[in-house]
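[1] What follows is a predicted structure for the sequence shown.
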Amino acid sequence: MPLKYIRTVLFSFILFVISLSSALAQAKNWKEKDYADAIQELIGGEREYAVQSGRVDLLTEERAFEVEWANKWKNAIGQSLWYGLQTNRKPGIILILRSRKDYKYYIQLNSALNYAKLQDEIVVYIYPDDFKEKREKY
């Protein structure tokens, strides 16, 4: 192979790695609002819909979603129920998982919902896993 070709491929690869690293670093610094904005771009709905004593993170035609960090799943249950009541929509929770370690919180949330027999009342999605190819579902 010509040296020029190898340099071009190597340079392209280095640029790709740098841009990927930058994107991952930026995502780690995202706030809950940034994730909610990204989810809204995927599924639509209205952000920060005002209700009595709060704001719905994401309101769609069918659901009032609380977008929450995985480790704050306990707060998300009450907020999603309240927002559902205030908007006459079904409650939903979107858990933000920043790493695979956060999956334990998803399990804890679902265990609590099953215990309280709320698993059919509150829908739970994981970001980013559940948003890769399900755009039409929401």
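    Thanks, I have it. Everything numeric in this text was worked out from a predicted model, so none of it was measured.
[2] going forward, measure contacts and count neighbours with C-alpha atoms only.
    Fine.
[3] Tell me which strands the host helix or strand of Ala50 pairs with, and in which orientation.
    Assigned by DSSP states H and E, Ala50 falls within strand 46-51. Counting by DSSP bridges, the strands paired with strand 46-51 are strand 54-59 (antiparallel).
[4] So what touches the helix or strand just after the strand it pairs with?
    Once the chain leaves strand 54-59, the next helix or strand it forms, by DSSP H and E, is strand 63-69. Applying Cα atoms under 8 Å, 6 or more residues apart in numbering, the contact partners of strand 63-69 are 32, 36, 56-59, 76, 79-80, 83-84, 87, 89-97.
[5] Sheet-wise, list the partners of strand 63-69 with their directions.
    strand 54-59 (antiparallel), strand 90-96 (parallel).
[6] Domains of this structure: list them as residue ranges, please.
    Here the domain parsing of the chain from automatic domain parsing is 1-30, 31-137.
[7] can you list those in CSV and add mean pLDDT and mean neighbour count?
    Listed next are the domains of the chain as CSV, based on pLDDT from 0 to 100; neighbours: other Cα atoms under 10 Å:
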stretch, mean pLDDT, mean neighbour count
domain 1-30, 57, 11
domain 31-137, 95, 17
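[8] Please enumerate the helices of the protein.
    With DSSP state H, the ranges of helices along the chain come out as 3-28, 32-43, 73-87, 103-115.
[9] Now do the shortest one against strand 90-96: the angle between them, please.
    With axes from the mean of the first three to the mean of the last three Cα atoms, to 10 degrees as the basis, helix 32-43 and strand 90-96 are set at 120 degrees to each other.
[10] roughly how far apart are Asn114 and Ala76?
    15 Å (Cα to Cα, to the nearest Å).
[11] Kindly report the same for Trp82.
    Distance of Trp82 to Ala76, given as Cα to Cα: 10 Å.
[12] same deal with Val124?
    10 Å.
[13] shared neighbours, these two?
    Here Val124 and Ala76 have Ile93 as joint contacts, going by Cα under 8 Å, 6+ apart.
[14] Need the contact partners of the strand holding Ala50.
    By Cα under 8 Å, 6+ apart, the residues outside strand 46-51 that reach it are 36-37, 40, 55-60, 83, 86-87.
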